[in-house]
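Undergrad: Fold the following.
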Amino acid sequence: MPTLRSDTIRDYLALVQTHPDWFVTPAGGVQIVRDPDQINLIEREFGDRYEERGLPREWSEVGVRYQDPYLAMLRDAVIFPDSSSGIHHRVVRWSANPAGVAVLATLGERILLLRHFRHPTRQWHWEVPRGSIEPGRTTKEAVIAELREEAQAEASDMIELGVLHGASGLTAACVVLFAARLTCIGAPALNEGITEARLVTSQEFENMLRNSEITDSFSVACYLHARLRGLL
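TA: Predicted structure coming up:
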């Protein structure tokens with residue numbers, strides 16, 4: 001019997017049963033190793049590599065590296081299409097996709113942008129309204145809620161535009177993109193780190209994009225989808 005080094009690896013292997021969709025490999029894709037002995041071999045291989053570079057060999061350990069009520073960070077042993085091995089990490093959500101919504105909201109001919117401070121980048125960003133989907137809400141209900149919460153805005157109609165994986169190298173989460181027509185906007189949500197709401201023309205939006213004043217992928221994707229559908 002293979003020796004499992006800790007409850008961490010046991011919890012990880014249990015996810016194959018409880019969340020099998022997390023371990024699916026389409027034809028020709030990168031395979032996730034599930035055999036404990038093979039995992040152990042790959043851990044040792046990469047642990048040696050890290051140690052040679054003066055790095056902690058624990059960085060090669062496969063398993064559930066972090067979890068909370070919303071998400072888990074996994075470190076997987078993988079086999080690439082050329083049969084070489086590797087260690088990959090990823091973030092998965094306990095709840096099913098989609099994880100959130102983003103909406104290109106217009107008042108008249110102008111687009112609503114919010115000045116939002118984002119904790120991960122420690123920077124201010126100009127963005128369209130976006131946020132996670134609370135349990136029990138539909139995507140359209142989530143759009144209505146985010147507009148109200150972030151800018152005290154009300155929408156008269158909404159159009160679903162498509163889906164975006166905003167950080168496919170790290171997380172499995174996807175977001176549904178929308179366009180919406182607004183009837184009004186109010187004050188920005190200071191309690192969410194939003195300090196300003198700005199209405200811009202399509203040309204101003206594109207200038208901000210060209211000058212890297214807009215760098216948020218969800219905002220860019222919403223704008224592109226709206227353009228392709230002739231909504232702007």
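Undergrad: tell me the domain ranges of this structure?
TA: Structural domains assigned to the chain are 7-93, 100-228, following automatic domain parsing.
Undergrad: okay, these, which one's buried deepest?
TA: Compared across these, domain 100-228 shows the largest average neighbour count, a mean of 17 (mean count of other C-beta atoms under 10 Å). In short, each C-beta sits where N, CA and C put it, glycine included.
Undergrad: State the distance spanning the first to the last residue of it.
TA: 22 Å (C-alpha to C-alpha, to the nearest Å).
Undergrad: One more: stretch 62-72?
TA: Separation of the first and last residues of stretch 62-72 by C-alpha to C-alpha is 13 Å.
Undergrad: sorry, back to before: need the domains of the chain in a markdown table with mean pLDDT, can you?
TA: A markdown table is the format used below for these (pLDDT from 0 to 100):
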| stretch | mean pLDDT |
| --- | --- |
| domain 7-93 | 94 |
| domain 100-228 | 97 |
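Undergrad: Return the backbone torsion pair for residue 223.
TA: phi -60, psi -50 (degrees, to the nearest 10).
Undergrad: can you pull out the strands in this protein?
TA: Taking DSSP state E to define them, one finds strands in the chain at 31-32, 63-67, 71-79, 85-93, 100-107, 110-118, 123-127, 130-132, 154-164, 175-184, 194-200.
Undergrad: right, so of those, which gets closest to residue 14?
TA: With C-beta to C-beta as the criterion, residue 14 lies closest to strand 63-67 of those, at 9.3 Å.
Undergrad: quick one, phi/psi of the residue most central in space within the chain?
TA: Nearest to the geometric centre of the chain sits residue 173, at 4.6 Å (C-alpha atoms, centre = their mean). The phi/psi pair for residue 173 (degrees, to the nearest 10) reads phi -70, psi 140.
Undergrad: OK, contacts around the residue nearest to residue 45 when sequence neighbours are not counted?
TA: Of all residues not flanking residue 45 in the chain, residue 85 sits nearest, at 6.7 Å (C-beta to C-beta, 6 or more residues apart in numbering). Shown in contact with residue 85 (C-beta atoms under 8 Å, 6 or more residues apart in numbering): 33, 42, 45, 77-79.
Undergrad: quick one: which of those is nearest residue 149?
TA: residue 78 (38.8 Å).
Undergrad: what's the biggest helix by length in the chain packed up against?
TA: As assigned by DSSP state H, the longest helix anywhere in the chain is helix 36-52. Contacts defined by 3 or more C-beta pairs under 8 Å, 6 or more residues apart in numbering; DSSP states H and E place helix 36-52 against helix 7-18, strand 71-79, strand 85-93.
Undergrad: Quick one: closest of those to residue 231.
TA: Closest among these, using C-beta to C-beta: strand 85-93, at 29.5 Å.
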